[in-house]
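**Q** What follows is a predicted structure for the sequence shown.
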Amino acid sequence: MTLTILFLILLALTFDFLNGFHDSANSIATVVSTRVLTPRAAVIWAAFFNFIAFLFFGLHVANTIGKGIIDIAIVDKTVIFGALTGACSWNIITWYFGLPTSSSHALIGGMIGAALVKAGTSALVWSGIIKTVVFIVISPIAGLVLGLGLGLAVYGFFKNSSRIAVQNFFKKGQLVSAALYSLGHGGNDAQKTMGIIASLLFSAGLLGDKFYVPFWVVVSCQAAIALGTMFGGWRIVKTMGQKVAKLTPVDGFCAETGAATMLFVSSAMGVPISTTHTITGSIMGVGSIQRFSAVRWDVAGTIVWAWIITIPCSAAIAALSCLAVYTFSG
């Protein structure tokens with residue numbers, strides 16, 4: 001294994017760390033904003049379930065990323081470098097502005113931009129790309145519907161109960177829902193980096209003739225995303241937990257459970273969806289139960305625009321990175 005490959009593996013794990021750092025808000029925003037857990041306790045809770053996710057999920061998403069977005073035959077060190085540079089750069093930019101964008105789509109955009117520079121449109125696996133783009137729309141809508149549906153069911157079931165008793169009950173319930181969401185987040189998002197590292201190793205001839213994800217890659221990626229979650233992206237926590245809608249423990253439970261359900265289903269299907277889009281949609285759904293105006297739709301609109309531009313912006317950064325490498329390497 002050369003120093004270049006080791007560097008790229010380290011860069012991939014850095015992206016995975018940034019993924020956890022950027023997306024920790026998704027896992028902990030509701031449980032922190034409802035004051036069920038302190039920020040420190042929340043990130044430790046989320047990080048633990050991020051890490052153990054590989055015990056519960058297969059590697060369907062990793063296989064999709066590894067060979068279902070761009071033609072694995074054109075993957076080389078420069079393509080991996082460009083893809084990771086585009087994804088990491090966009091994550092840092094959106095973290096700075098407090099925008100809960102998708103690390104998954106940033107990585108996919110990076111892969112597309114790098115592949116276009118290397119081999120043109122023939123390098124793109126359109127079936128995988130179209131499936132991902134379709135779920136950009138489906139995942140937040142499904143999150144919204146699930147969050148709204150669960151919220152209506154819970155509010156209806158407990159309508160004659162004491163408000164204080166209900167809130168106290170769901171404070172405990174949020175520990176479970178936050179754990180489930182963090183499990184789904186670790187199960188879907190960490191696999192994307194696994195796919196990138198596995199495709200790098202395969203292209204370098206280190207996996208033999210068959211594409212697979214080595215166990216050490218699995219554990220390394222789960223550890224990196226968990227560590228990122230522990231450090232937390234506090235700018236985005238504020239946007240997710242306070243600016244989109246004000247949440248109670250009941251709302252937080254319903255939002256996390258609805259989003260977790262969608263993540264479990266998508267991971268089983270091997271679809272690399274955005275955990276950010278899903279939980280944001282779920283928060284909007286729950287937040288609209290009391291009154292439609294409870295959701296800050298102007299903030300939601302800004303978030304949606306950030307979602308739309310994520311793939312093209314990360315693709316552009318990746319393309320420029322690849323062009324710079326090809327230019328300076330002669």
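**A** Done, it's in.
**Q** give the contact list for the residue positioned nearest the centre of the chain.
**A** Centroid check for the chain by CA atoms, centre = their mean gives residue 275 as the closest residue, at 4.2 Å. By CB atoms under 8 Å, 6 or more residues apart in numbering, the residues touching residue 275 are 23, 26, 102, 104, 184, 185, 188, 189, 259, 263. Any C-beta I mention is one placed from the backbone N, CA and C, and that applies to glycine too.
**Q** How about residue 253?
**A** By CB under 8 Å, 6+ apart, the neighbours of residue 253 are 154, 170, 173, 174, 177.
**Q** repeat that with 10 Å
**A** The contact partners of residue 253, by CB atoms under 10 Å, 6 or more residues apart in numbering, come to 30-31, 34, 36, 150-151, 154, 169-178, 247, 286.
**Q** can you give me the helices for the stretch 1-150 of the chain?
**A** 3-33, 39-51, 60-67, 77-96, 103-119, 126-157 (DSSP state H, counting those that start in this stretch).
**Q** Could you give me the buried positions within the second one?
**A** So that's helix 39-51. 42, 43, 45, 46, 47, 48, 49, 50, 51 (16 or more other CB atoms under 10 Å).
**Q** Ok, stretch 97-107 next?
**A** 98, 99, 100, 101, 102, 103, 104, 105, 106, 107.
**Q** State the pLDDT value of residue 119.
**A** Listed pLDDT for residue 119 reads 92.
**Q** go on, residue 63?
**A** 81.
**Q** For ChimeraX, write the select line for the buried members of the contacts of residue 253.
**A** Restricted to buried positions by 16+ other CB under 10 Å, the ChimeraX selection for the contacts of residue 253 reads:
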select :30,31,34,36,150,151,154,169,170,171,173,174,175,177,178,247,286
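**Q** Return the distance of the residue nearest to the centre of the chain relative to residue 121.
**A** Note on residue 275: its distance to residue 121, by CB to CB, to the nearest Å, is 29 Å.
**Q** any low-confidence regions in this structure?
**A** Scanning the chain for pLDDT under 70 picks out the ranges 1, 24-27, 100, 232-246, 290-303, 330.
**Q** May I ask which helix or strand encompasses the residue in it sticking out farthest from the centre?
**A** Distance from the centre of the chain peaks at residue 160, with 37.8 Å (CA atoms, centre = their mean). Per DSSP states H and E: residue 160 is located in neither a helix nor a strand.
**Q** now the helices of the stretch 1-150 of the chain as a markdown table including distance to residue 196?
**A** Below are those laid out as a markdown table (distance: least, CB to CB, whole Å):
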| stretch | distance to residue 196 |
| --- | --- |
| helix 3-33 | 5 |
| helix 39-51 | 18 |
| helix 60-67 | 6 |
| helix 77-96 | 7 |
| helix 103-119 | 7 |
| helix 126-157 | 14 |
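**Q** so of these, which one's packed in deepest?
**A** Among the helices of the stretch 1-150 of the chain, ranked by average contacts under mean count of other CB atoms under 10 Å, first place goes to helix 103-119 (a mean of 27).
**Q** other SSEs contacting that helix?
**A** helix 3-33, helix 60-67, helix 77-96, helix 126-157, helix 163-203, helix 275-287, helix 297-328 (3 or more CB pairs under 10 Å, 6 or more residues apart in numbering; DSSP states H and E).
**Q** can I get the CA coordinates of the third one in PDB?
**A** Going back to what we said before, that points to helix 77-96. The C-alpha trace of helix 77-96 is given here as PDB (Å, rounded to 0.1, in the frame of the first residue of the first chain):
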ATOM      1  CA  LYS A  77      -6.300   8.200  -7.100                       C
ATOM      2  CA  THR A  78      -7.000  11.500  -8.800                       C
ATOM      3  CA  VAL A  79     -10.700  10.800  -9.100                       C
ATOM      4  CA  ILE A  80     -10.900   9.800  -5.400                       C
ATOM      5  CA  PHE A  81      -8.900  12.900  -4.400                       C
ATOM      6  CA  GLY A  82     -11.200  15.200  -6.400                       C
ATOM      7  CA  ALA A  83     -14.400  13.600  -5.000                       C
ATOM      8  CA  LEU A  84     -13.200  13.800  -1.400                       C
ATOM      9  CA  THR A  85     -11.900  17.400  -1.900                       C
ATOM     10  CA  GLY A  86     -15.200  18.500  -3.300                       C
ATOM     11  CA  ALA A  87     -17.200  16.800  -0.500                       C
ATOM     12  CA  CYS A  88     -15.000  18.000   2.300                       C
ATOM     13  CA  SER A  89     -14.900  21.600   1.000                       C
ATOM     14  CA  TRP A  90     -18.700  21.800   0.600                       C
ATOM     15  CA  ASN A  91     -19.200  20.400   4.100                       C
ATOM     16  CA  ILE A  92     -16.900  23.000   5.600                       C
ATOM     17  CA  ILE A  93     -18.600  25.900   3.700                       C
ATOM     18  CA  THR A  94     -22.100  24.900   4.700                       C
ATOM     19  CA  TRP A  95     -21.100  24.200   8.300                       C
ATOM     20  CA  TYR A  96     -19.700  27.800   8.500                       C
END
